[in-house]
Each structure stands twice: as structure tokens, then as C-alpha cells.
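J.: what follows is a predicted structure for the sequence shown.
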Amino acid sequence: MGYLLDIDCVLFSLMGYNMSLVEFVGTIFGLLSVWFAARSKVLAWPVTLINTIAFFLVFYQVRLYSDMLLQIYFFCIAIYGWYYWRRGCAEATKPVERLRRSDYFVVAGIAIVGAGSLGVFMSRIHLLIPSIFPEPASFPFVNASSVILSMIANCLMATRKLENWYLWMFVDIICVVVYLMQGILLMSFEYLILFGLCIYGYRSWFNEFRFQSVSKS
């Protein structure tokens, strides 16, 4: 069973790239989670639980430790989002909202402080906990930035804030480049697709927001 979770457990090869079972499962369920979220389907959250478990294993093995720890957060927020969206209904019932102007400064402050702090910690994690992290983290500050932005975006998504899609688009661009450099090609391609899904998600939520605004008028 343990070997099935190893990135060396090849499911198939495509154009010279060996696709591991765990990367394949994580990628498919990651795409499904964003697709369901873009369509305001509560199913996005249980699907996310499977995605986070698979990606946790992948990121540990390729030494993207910030992304690995992010999956723990995603797992917890998925449980919260599942409850928050459901409220006894099959679809998300909470209306789409926009951030207040003052909220932008709060988000920016959290992002800067959080990314800097996590980046410093991850750059030294192999020295602090060598028994668990024997090798230095890859791209500690860039990876930390995408992680903090992902956490903020996920909170905004769970509470149905329209601006979550802006952050996801930016995170997707970072991930495409980093994962490509780390040789996890399918995950890099996945985030390119996710970028497109984020555009779709934004348009879908914006139309929903606009319809709500007209209904209130």
C-alpha cells in the first residue's frame, strides 16, 4: 500500500513523463474541486478532501514543504466550507459578496507578513527539524507566497467573496512555473487549466452577484 503512494509508483508514461498514481489522483480531484466550486456546487468540498491528501504526499516527496503544510489547512477549510455551504441544501445558499475597501489592506498585510514569516521558517526547516525534513525546501519564499495567498483565497471562497478568484489566478501562475521547474509536469499543466477555470468561476460568481444586486433593487 505504501508503494502506491510513492511518486515512483508509475501509473502510465506519456511522452517520456512517468505519471505516478498519487499525482494523477490528486490532479483529477483538484480539477474537479475547482469545477464544482465555480458552479457553486457543495460537492467541491468532499472532492477537495481527496485532492489534499494526495497532494500532501506529492509535495513532501518533491520538497515543496510549504505546499505540503498547506494541504493540512485545505483539508480543514474543506470541512468548514462543506458545512458552511451546505446548511441543509445541495447547493451553496449564501449570496456572493464583495470585499469592502478596507478589507483589501487587511488582506495585503496578512499576505506580506505571512509570506515573509513562512518563507524564513521554510528556508531553515531542514536545520530545525532534520529528522522529518532532511533536505532543504525548494523555492522557500516563492512557495510560501503561493501558500499564504492560497489560504486567504480559500477563506474568501468558503465565505463566498468574489475576490477569491483574483487570488487563485495569481497563485495558479506561480504554481505553473514552480511545478514545471520541479518536474511535476501534470500538476503544472493542471494549474494552467485551473487558471482557465478561475476565469470561468469569476464570471459565474460575478453574474450571480450582479443578479443578486438587481433582485435587491
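T.: Happy to help now that I have it. Numbering: from 1, shown residues only.
J.: in the protein, which helix or strand is least confident?
T.: One helix or strand of the chain scores below all others by mean pLDDT, DSSP states H and E: strand 10-14, with a mean of 73.
J.: and the next helix or strand past that one?
T.: Moving toward the C-terminus from strand 10-14, the next helix or strand (DSSP states H and E) is strand 17-20.
J.: from the contact counts, what lies against whichever helix or strand comes after that following strand?
T.: Going down the chain from strand 17-20, the next helix or strand is helix 21-38, by DSSP H and E. In this structure, helix 21-38 makes packing contacts with strand 10-14, helix 44-61, helix 185-216, judged by 3 or more CB pairs under 8 Å, 6 or more residues apart in numbering; DSSP states H and E. C-beta coordinates here come from the backbone N, C-alpha and C atoms, glycine included.
J.: and with 7 Å instead?
T.: Applying 3 or more CB pairs under 7 Å, 6 or more residues apart in numbering; DSSP states H and E, we find helix 21-38 packed against helix 44-61, helix 185-216.
J.: now do the last one: distance to the chain's middle.
T.: Put simply, helix 185-216 sits 14 Å off its chain's centre (CA atoms, centre = their mean, to the nearest Å).
J.: now do it and strand 10-14, the angle between them.
T.: 90 degrees (axes from the mean of the first three to the mean of the last three CA atoms, to 10 degrees).
J.: and helix 185-216, what does it pack onto?
T.: Against helix 185-216 (3+ CB pairs under 7 Å, 6+ apart) you get helix 21-38, helix 164-181.
J.: mean pLDDT, mean neighbour count and distance to F75 added to those, as JSON lines?
T.: Shown next, in JSON lines, are the helices and strands packed on helix 185-216 (pLDDT from 0 to 100; neighbours: other CB atoms under 10 Å; distance: least, CB to CB, whole Å):
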{"stretch": "helix 21-38", "mean pLDDT": "87", "mean neighbour count": "21", "distance to F75": "12"}
{"stretch": "helix 164-181", "mean pLDDT": "93", "mean neighbour count": "20", "distance to F75": "17"}
